[in-house]
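> have a look; sequence and predicted model below, questions after that.
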Amino acid sequence: MAGARIERLITSGKFSLDGGTWDVDNNVWIVGDDEEAVVIDAAHDAGAIARALDGRTLRAIVCTHAHNDHIGAAPDLATWTGAPILLHADDLPLWKQTQPERAPDGALTDGQRITVAGAELTVLHTPGHAPGAVCLHAPGLSALFSGDTLFAGGPGATGRSYSDFPTIIASISERLLSLPGDTVVHTGHGENTTIGAEAPHLQEWIDRGF
């Protein structure tokens, strides 16, 4: 796809919600070529992300959802690069909890297409972990960027505010498991998986209330 490639940067920091705080490592995904890129989930460390971009034009900062560990570096990165921050409107209440002074620049919508370096990323609205959670499907790269909707081993957590287990199961079942089995799932935390590896376990997740 015109030289487009996927790079992973791991950043570390805190996730805070509902009065609790946890240490977390986040995957920051950079999709692009030597000239331009998009960042998916600007987590924790804007300086580290800027260094990884290494002078490339940043076309957009895409937020899979608005938990603070996924958006904390977005405002500074946007200021430094001039790139717009994009977030699904249903996650604005979560965004405002930790970023009340700076609104996103644009809204992600289901079916929206983001193009960078010849690669096309389609926005899939996949609520459950958060109301405005989205995944990004890049068929030309055989890739899905799942945020915290789907991990190696099961769905994202739904035990906190703004989340819902039946909703995340429906999102995964209806929006993700129909993708080609060899689609690589690039997750918000931890290691990659594939759609084919996760699809057989849907009923197990339901039975376990994962």
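Ah, there it is.
> every contact and neighbour count from this point should use C-alpha atoms.
Noted.
> just the CA coordinates for the worst-scoring helix or strand of the chain on mean pLDDT, please, in CSV.
One helix or strand of the chain scores below all others by mean pLDDT, DSSP states H and E: helix 202-208, with a mean of 87. Written as CSV, here are the backbone C-alpha positions of helix 202-208 (Å, rounded to 0.1, in the frame of the first residue of the first chain):
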residue,chain,number,x,y,z
LEU,A,202,-17.2,-15.7,21.5
GLN,A,203,-19.5,-18.1,23.3
GLU,A,204,-16.9,-18.7,26.0
TRP,A,205,-16.7,-15.0,26.6
ILE,A,206,-20.4,-14.7,26.9
ASP,A,207,-20.6,-17.7,29.3
ARG,A,208,-17.9,-16.3,31.5
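> can you offset everything so residue one is 58?
Okay, using 58 as the starting number, the last item reads as helix 259-265.
> list the buried residues of that helix.
residue 259 (16 or more other Cα atoms under 10 Å).
> check which helices and strands that helix sits against.
Helix 259-265 sits against no helix or strand, with contacts defined as 3 or more Cα pairs under 8 Å, 6 or more residues apart in numbering; DSSP states H and E.
> so how far is that helix off the chain centroid?
Distance of helix 259-265 from the chain centroid (Cα atoms, centre = their mean, to the nearest Å) equals 23 Å.
> and what of stretch 232-245?
Distance, stretch centre to chain centre, for stretch 232-245: 13 Å (Cα atoms, centre = their mean).
> same question for stretch 228-237.
16 Å.
> ditto for stretch 231-249
The answer for stretch 231-249 is 12 Å, by Cα atoms, centre = their mean.
> what ranges in this structure fall below the confidence cut-off?
Scanning the chain for pLDDT under 70 picks out 58-59.
> how about 50 then?
The model of the chain has pLDDT under 50 over residues 58.
> can you pull out the helices in it?
Taking DSSP state H, the helices of the chain run over residues 103-110, 125-128, 131-138, 149-155, 222-228, 252-255, 259-265.
> can you redo the ones you listed as TSV with distance to residue 87?
Shown next, in TSV, are the helices of the chain (distance: least, Cα to Cα, whole Å):
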stretch	distance to residue 87
helix 103-110	8
helix 125-128	14
helix 131-138	13
helix 149-155	22
helix 222-228	24
helix 252-255	21
helix 259-265	29
